[in-house]
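> Here is a sequence with its predicted model. Questions after.
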Amino acid sequence: MLIVMNYSATAAEIDDVVKAVRNMGFRAEPIPGGERTAIGVLGNEGYVDDAVIRDLPGVQEVIHVSKPYKLVSRAFHPKSSVIDVCGIKIGKGCRPIVAAGPCAVEGEDQIVRTALAVKAAGADLLRGGAFKPRTGPHTFQGLREEGLRLLALARKESGLPIVTEVMSPDHVERVSECADLLQVGARNMQNFDLLRELGRSSKPVLLKRGMSATIEEFLSAAEYILTGGNPNMILCERGIRTFETAMRNTLDLSVVPLIEELSHLPIMVDPSHATGKRSLVPPMVRAALVAGAHGILVEVHPEPEKALSDGPQSLTFQGFEALMGDVRRLRSFLGFE
Ligand code: PEP
Ligand code: MN
């Protein structure tokens, strides 16, 4: 439920409404706006009878929000959120950012060389998995602790902030020591204990859409993190499972403007996992930027044919450099630089 106050409502009237909501056993969250204040009601399951609220002085309107997510919704938070990752601003009105790097950290030479190459080409963040959520147990599972150490080294050598995946609630603290942005992978989008733990953190989180998740499920997963007290959330579309098998997944780009309507959170796009095919990555990066994505996530490897995971979708250094030329031209076309 959202209570919209009159533009002339006084602080005392707002306070009385907050108290009335609390007396009903719910949480009240005042949302100051440009012209008027709204009060979000949290903690209710289902419809709330608004009889005691509706007639209080200063109340203009009571809107029943039927969606299962509230704190992530634009109705509760009309102003777009901009998330700060080590001084890099991600969100509406900011220059779209580029996170690039290998699927997995494989060794010192591989990750440091990639960090320096993507930095030289203009990337803002270095990606690389230390803990890898692989579909089968007989494939490379990541260097884990050693991978984190190498990411810290690559960060030092290149100066690029790190985005890396955290798979378990027990690892949030340790991964946070070297990550600047904590990634929740598609397979863990509904790992609720992990989401709760991330809600207790203040590190920015990049939440990837589950491969079979609806938008409502995606935003509800983000709601766990915001409800836990961590407002530093970025969403990421990475393709969904459809009947089509020619691509690894189907990139659902309509999500970008839809999220913008439904939520104040920034949304990035990962065309590497969405397509699974190197040649399709640059055109989908361009499309994502034009659709309004606030950033892109792409896989880059020094020798994709030798990569321990996701080689076919990884760009070479040369391919990434060419892509960054497109990104620069599009940023300028879109009015960002
Ligand atoms: C990744 O980005 O490393 C990854 C595993 O992607 P996803 O969770 O989207 O499959
Ligand atoms: Mn990958």
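Done, it's in. Ligands and ions are numbered 1, 2, ... in the order given.
> So which bits of stretch 218-233 are buried?
Buried residues in stretch 218-233, counting neighbours by 16 or more other CB atoms under 10 Å, are found at 218-228, 230-233. C-beta: built from backbone N, CA, C; applies to glycine.
> so where do the strands sit in this structure?
Across the chain, reading from the start of the chain, the strands by DSSP state E fall at 2-5, 27-32, 37-42, 59-63, 83-85, 88-90, 97-101, 125-127, 162-165, 181-184, 205-208, 233-237, 267-269, 295-299.
> what does the stretch 101-250 of the chain put close to ligand 1?
Contacts of the stretch 101-250 of the chain with ligand 1, taken as CB under 6 Å from any ligand atom, map to 103, 129, 133, 165, 185, 186, 187, 208, 238.
> residues contacting the residue in the chain positioned nearest to ligand 1?
Among all residues of the chain, residue 185 sits closest to ligand 1, at 3.0 Å; criterion: CB to the nearest ligand atom. Under the criterion of CB atoms under 8 Å, 6 or more residues apart in numbering, the contact partners of residue 185 comprise 133, 165, 167, 208.
> what's the pLDDT at it?
Looking at residue 185, its pLDDT is 98.
> so what does the lowest-mean-pLDDT helix or strand in the chain touch, helix or strand wise?
Every helix and strand in the chain was compared by mean pLDDT, DSSP states H and E; the lowest is strand 27-32, with a mean of 86. Contacting strand 27-32 under the criterion 3 or more CB pairs under 8 Å, 6 or more residues apart in numbering; DSSP states H and E are the following elements: helix 11-23, strand 37-42.
> Can you list the strands that that strand pairs with?
strand 37-42 (antiparallel) (DSSP bridges).
> Direction-wise, compare the partner strand with helix 11-23 and give the angle.
Interaxial angle of strand 37-42 relative to helix 11-23 (axes from the mean of the first three to the mean of the last three CA atoms, to 10 degrees): 10 degrees.
> that older thread, buried residues in the least confident helix or strand of the chain?
Across strand 27-32, burial judged by 16+ other CB under 10 Å covers 28, 29, 31.
> and the gap between the last one and residue 264?
Meaning residue 31. When distances are taken as CB to CB, to the nearest Å, residue 31 and residue 264 turn out to be 11 Å apart.
> so what sits against both of the two?
Between them, residue 31 and residue 264 share the neighbouring residues 77, 78, with contact defined by CB under 8 Å, 6+ apart.
> Which of the strands of the chain sits closest to ligand 2?
strand 295-299 (5.6 Å; CB to the ion).
> pLDDT averaged over the closest one - what is it?
Along strand 295-299, the predicted local confidence has a mean pLDDT of 98.
> So what touches that strand?
Residues from elsewhere that reach strand 295-299 (CB under 8 Å, 6+ apart): 90, 96-103, 124, 127, 163, 206, 234, 236, 238, 266, 268-273, 281, 285, 288-289, 310, 313-315, 320, 323, 327.
> try 6 Å this time
Under the contact criterion CB atoms under 6 Å, 6 or more residues apart in numbering, strand 295-299 has outside partners 90, 96-100, 103, 268-270, 272, 285, 288, 310, 313-314.
> check contacts around whichever residue of the chain sits closest to ligand 2.
When scored by CB to the ion, the chain has residue 103 as its residue closest to ligand 2, at 3.2 Å. The contact partners of residue 103, by CB under 6 Å, 6+ apart, come to 299, 309, 310.
> let's see 7 Å
Taking CB atoms under 7 Å, 6 or more residues apart in numbering as the criterion, residue 103 is in contact with 129, 299, 307, 309, 310, 314.
> cool, and residue 238?
When the contact criterion is CB under 7 Å, 6+ apart, the partners of residue 238 are 186, 208, 209, 270, 273, 274.
> and the second one, how many neighbours?
Meaning residue 208. For residue 208, the tally of surrounding residues (other CB atoms under 10 Å) stands at 26.
> Many thanks, I have nothing further to ask.
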